[in-house]
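Participant: need a structure here:
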Amino acid sequence: MSKLQYTFSRPKDDVLVVEVEGWLDASNAREFSDAQEREMADAGIRDIVWDAAGLTLIASAGLRVLMAAYKMTLARKGTTYLVRANKNVGDIVRTIKLDQFIQMRDGMDGLWTDSQK
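Facilitator: As a prediction, this is how the structure comes out:
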């Protein structure tokens, strides 16, 4: 098992970027979810970008955290992005049809423009 690491940044006032590395599963989903909720508590954040380049595994508990991010951005009329996900993570998200809600991208190009809806 690979330990989960994550960092938050704000490239724009209304955008939260979360860099996620390692395994996101039941052993760490609660801690990560709580941290994400604290970061999202700022009313100015509308969009969230999960940079999943280092995310090697996402289990059902991790998918719940991703959906929680989606629900928070939806309430703010924003968008949730999953960018740079590896094939396994991307396949899981597409198989359970979360890509109908979460915008999947290969990279971050154009995201800051997209968030200016």
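
Participant: ok, which stretches of this protein are strands?
Facilitator: Remark: strands assigned in the chain by DSSP state E are 5-12, 15-24, 47-58, 80-83, 103-105.

Participant: residues contacting the residue nearest in space to the middle of the chain?
Facilitator: In the chain, the residue lying closest to the centroid (Cα atoms, centre = their mean) is residue 50, at 3.1 Å. Listed by Cβ atoms under 8 Å, 6 or more residues apart in numbering, the contact partners of residue 50 are 18, 20, 66, 69, 80-83. C-betas here are computed from N, CA, C, even on glycine.

Participant: got it, and residue 82?
Facilitator: Residue 82 touches 50, 52, 66, 89-90, 93, 102-105, counting by Cβ under 8 Å, 6+ apart.

Participant: distance of it relative to residue 4?
Facilitator: 16 Å (Cβ to Cβ, to the nearest Å).

Participant: check what pLDDT residue 17 gets.
Facilitator: pLDDT recorded at residue 17 is 96.

Participant: isn't it right next to residue 53, touching?
Facilitator: No - judged on Cβ atoms under 8 Å, residue 17 makes no contact with residue 53 at a distance of 11.6 Å.

Participant: the more surrounded of these two?
Facilitator: Set side by side, residue 17 and residue 53 show more neighbours around residue 17, with 20 against 14, by other Cβ atoms under 10 Å.
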